[in-house]
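heads up, no residue letters with this:
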């Protein structure tokens with residue numbers, strides 16, 4: 001993790017599929033997602049091609065807004081708004097989630113430090129067969145549905 005980033009850390013060991021967070025907030029168009037005064041942005045959870053759910057106003061920021069990305073995440077999605085542990089997570093370990101994708105053009109230079117780091121994260125990463133296999137069942141609902149349609 002970059003030293004200038006906030007993050008979420010496990011206070012105690014987490015078990016596979018343990019629910020870690022429930023996302024909520026305002027439903028917004030992807031293009032309307034805000035950038036806050038401190039430069040923080042890209043906090044919402046993508047729930048559809050064109051829509052995200054999340055914090056719309058700075059005074060609404062919560063802990064769930066600070067899960068960082070990793071190219072080797074230990075948390076993924078179950079359904080539309082639930083974040084769960086994808087494996088055992090040790091106490092004190094940072095909890096990382098996957099980023100969104102499949103909607104508006106999206107991407108950023110990644111500096112997660114994972115040996116699996118892709119260098120650049122894009123809205124099309126969900127199409128990579130190795131990621132589909134690695135995260136099967138832990139994609140957000142709308143992406144998992146797209147993946148399942150491609151396979152049938």
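Good, I have the coordinates. These numbers come from a predicted model, not from an experiment. Residues are numbered from 1 along each chain as shown.

now the helices for this protein?
Read by DSSP state H, the chain holds these helices, from start to end of the chain: 129-134, 141-151.

please identify the most buried of these.
Ranked by mean neighbour count under mean count of other C-beta atoms under 10 Å, these are led by helix 141-151, which reaches a mean of 15. C-beta coordinates here come from the backbone N, C-alpha and C atoms, glycine included.

what's the mean pLDDT across that one?
Averaging pLDDT along helix 141-151 yields 90.

and if you look at stretch 29-47?
Taken as a whole, stretch 29-47 has a mean pLDDT of 82.

ok, the residue lying closest to residue 17 once chain neighbours are set aside - contacts?
For residue 17, the nearest residue in space outside its immediate sequence neighbours is residue 84; the separation is 5.1 Å by C-beta to C-beta, 6 or more residues apart in numbering. The contact partners of residue 84, by C-beta atoms under 8 Å, 6 or more residues apart in numbering, come to 17, 18, 19, 20, 75, 76, 77, 78, 138.

make it 10 Å
Residue 84 makes contact with 14-21, 75-78, 97, 137-138 under the criterion C-beta atoms under 10 Å, 6 or more residues apart in numbering.

again, but for residue 47
When contacts are counted by C-beta under 10 Å, 6+ apart, residue 47 touches 23, 27, 30, 53, 54, 80, 81, 100, 103, 140, 141, 142.
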